[in-house]
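Peer 1: Below is the sequence, then the predicted model.
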Amino acid sequence: MTVFLVGAGPGDPGLLTVRGAEALAMADVVVYDRLSVGALLELAPPDAERISVAKSAGKAVMPQDDINALLVEKGKQGLTVVRLKGGDPFVFARGGEEAAALAEAGLHYEVVPGVTSAIAVPAYAGIPVTLRHSSTSFTVITGHEDPDKSDEVNWEAAAQLGGTIVILMGVGRLPKIVDRLLAGGLAPETPAAAIRWGTRPEQHTVRSTLSAIASEPLASPSVIVVGQVAAMDLSWFESRPLFGKKVIVTRPRHQSSVLADRLRDEGADALIVPTIEIVDPLDEGAALSAAVGQLSSYDWVVLTSANGAQRFCERLRDGRDLAGVKLAAIGPGTAEVLADYNLVADLVPERFIAESLLEAFPLPNEADQRRVLLARAAVARDVLPDGLRELGWRVDVVDAYRTVPVEPTDTESERIIGADIVTFTSSSTVENWVAAFGLDTLPKVVACIGPITADTARRAGLRVDVIAEVHTIDGLVDALIDRATHPTAPKNATTRRSSRGPRFGRQQRRA
């Protein structure tokens, strides 16, 4: 049992340390504050208890003494507890008080430092806190203390130190702070900037001067930077193409991180709201296991999804089971699962849909046994098996998995309100979205991974705004970027093809 005091960093989940992620993965209880983002909480086990002790300017859900008592109580129960704190636990975060309470109670604890907002937030706004020849030092001060108290922060002395001043938790007392910095000798035209929700998709930066910054429409939590470096605008984070867009990911939870991470890389706020879950077929995989046991009787195995490929490969002893059998994959995502098992797809069509696979699929010849094993979802279109039979193949269709709807939580239902984009990666995600939320809560932009999913969406009464030209996760993100950078382009048009990942050629049909 250990109580971990973990610095969550300022907001971007990518700034969490490796040790912090390890602690979260072991947690029985996570006690988190307002500056912790949902993506970090998802790193904890699903059954871990999550307790919010959110604090904001001027109010607290739970007083600090009660937080200390809660950590001690949970620790004495023999649980692994993670106290997830914004920034660094020992930088104006009262982590020292929590550690002292744990020590007094005789509990084992570990402090996991975090990336402090004093450095990270200005960096995400394109402001270096130091700059050679112009700002060779920086001072970090809490603005939480009342500037009228003469025995607290000596703001006049801070003004005379030179370099950069970084003020944390100072919005509420900023007018008084500004007055004292001016009194200390700083020029009214000294550059100043305030960055709210720094490192997060909703980051907002206000650039001004020391004399005017307090008159700007600021809100907590903000990091305030005063000094010559505040005039710099080396913008990179807020320049990302999907910056600030709230994008809903409806994929199964265990697969959602791939799309969510790509969206976050482009600046979006990825909201994971699964509408489906992948489970065993009704026969618990008996038919698939039986088919794998007689693979030598097939010429081809056709896999139409990453989920199907995963469950097929799990039943193989090793690659020798496939001796003489060719593999066809519907797209690169499916082929990548095969590659994870050191298997190479013999056929991947140019377009990642059943119709394109049929166009590329060979005709049987005299040497063939003329048999194809098609492992797929329990409910799927019959285009592929019917088309293969028309080509002269005998097709055995087995259920590799099935999709079931997921009942959204209250939190997930709240997340979709005000979202900008919803993404659908399969027909089942569309159907279960409509069943769960209806059409009234639909975001402004509906994006589909391909034409089949888009057709399902239209039949369900949805307006489709974006269809990925390349029917992959990267292709979907690229299509959203095209939409953001070319907002007046015709609907369903994309202007670039994803360059990520391997490209696969189509196998020529043989006579």
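Peer 2: Sure thing, it's come through.
Peer 1: how distant is stretch 434-444 from the center of its chain?
Peer 2: 22 Å (CA atoms, centre = their mean, to the nearest Å).
Peer 1: same check, this time on stretch 116-133
Peer 2: Offset of stretch 116-133 from its chain centre (CA atoms, centre = their mean): 24 Å.
Peer 1: what does that stretch rub up against?
Peer 2: 7, 9-10, 12, 15, 86-88, 91, 135-138, 140, 163-164, 166, 168, 193, 195, 198-199, 203, 205, 223, 225, 228-230, 232-238 (CB atoms under 8 Å, 6 or more residues apart in numbering). The C-beta positions use only the backbone N, C-alpha and C, and glycine is treated the same way.
Peer 1: any idea how far Ala460 is from Glu284?
Peer 2: 30 Å (CB to CB, to the nearest Å).
Peer 1: More neighbours: which of these two?
Peer 2: Neighbour count, other CB atoms under 10 Å: between Ala460 and Glu284, Ala460 has more, with 14 against 10.
Peer 1: in the protein, which strand has the most residues?
Peer 2: Ranked by number of residues, the top strand in the chain under DSSP state E is strand 394-405.
Peer 1: Filter the contacts of stretch 116-133 down to the buried ones.
Peer 2: 7, 9-10, 12, 15, 86-88, 91, 135, 138, 140, 163-164, 166, 168, 193, 195, 198-199, 203, 205, 223, 225, 229-230, 232, 237-238 (16 or more other CB atoms under 10 Å).
Peer 1: I'd say Arg207 and Val229 touch.
Peer 2: No. In this structure Arg207 lies outside contact range of Val229 using CB atoms under 8 Å: 11.4 Å.
Peer 1: just to revisit the earlier point, and the longest strand of the chain, what's its mean pLDDT?
Peer 2: The average of the pLDDT scores along strand 394-405 is 94.
Peer 1: Could you look up the next helix or strand downstream of it?
Peer 2: helix 410-415 (DSSP states H and E).
Peer 1: Of all the residues in that next one, which ones are buried?
Peer 2: Here helix 410-415 shows Glu412, Arg415 as buried, counting by 16+ other CB under 10 Å.
Peer 1: Show the subsequent helix or strand relative to that helix.
Peer 2: strand 421-424.
Peer 1: hmm, back to that, next, show the common contact partners of Arg207 and Val229.
Peer 2: Residues within reach of Arg207 and of Val229 at once, by CB under 8 Å, 6+ apart, are Pro191.
Peer 1: can I get the CA coordinates of the longest strand of the chain in PDB?
Peer 2: The C-alpha trace of strand 394-405 is given here as PDB (Å, rounded to 0.1, in the frame of the first residue of the first chain):
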ATOM      1  CA  ARG A 394     -17.200 -21.600 -51.700                       C
ATOM      2  CA  VAL A 395     -17.400 -19.300 -48.700                       C
ATOM      3  CA  ASP A 396     -17.700 -20.300 -45.100                       C
ATOM      4  CA  VAL A 397     -18.800 -17.300 -42.900                       C
ATOM      5  CA  VAL A 398     -18.000 -17.500 -39.200                       C
ATOM      6  CA  ASP A 399     -18.700 -14.900 -36.500                       C
ATOM      7  CA  ALA A 400     -15.500 -13.700 -35.000                       C
ATOM      8  CA  TYR A 401     -17.200 -11.100 -32.700                       C
ATOM      9  CA  ARG A 402     -20.200  -9.000 -32.300                       C
ATOM     10  CA  THR A 403     -20.900  -5.400 -31.300                       C
ATOM     11  CA  VAL A 404     -23.300  -4.500 -28.500                       C
ATOM     12  CA  PRO A 405     -24.600  -1.100 -27.500                       C
END
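Peer 1: Summarise which helices and strands that strand is packed against.
Peer 2: Here strand 394-405 touches strand 276-279, helix 286-292, helix 306-314, strand 371-377, helix 383-390, helix 427-437, going by 3 or more CB pairs under 8 Å, 6 or more residues apart in numbering; DSSP states H and E.
Peer 1: and the fourth one, how far from the chain's centre?
Peer 2: Same thing as strand 371-377. On the basis of CA atoms, centre = their mean, strand 371-377 sits 33 Å off its chain's mean C-alpha point.
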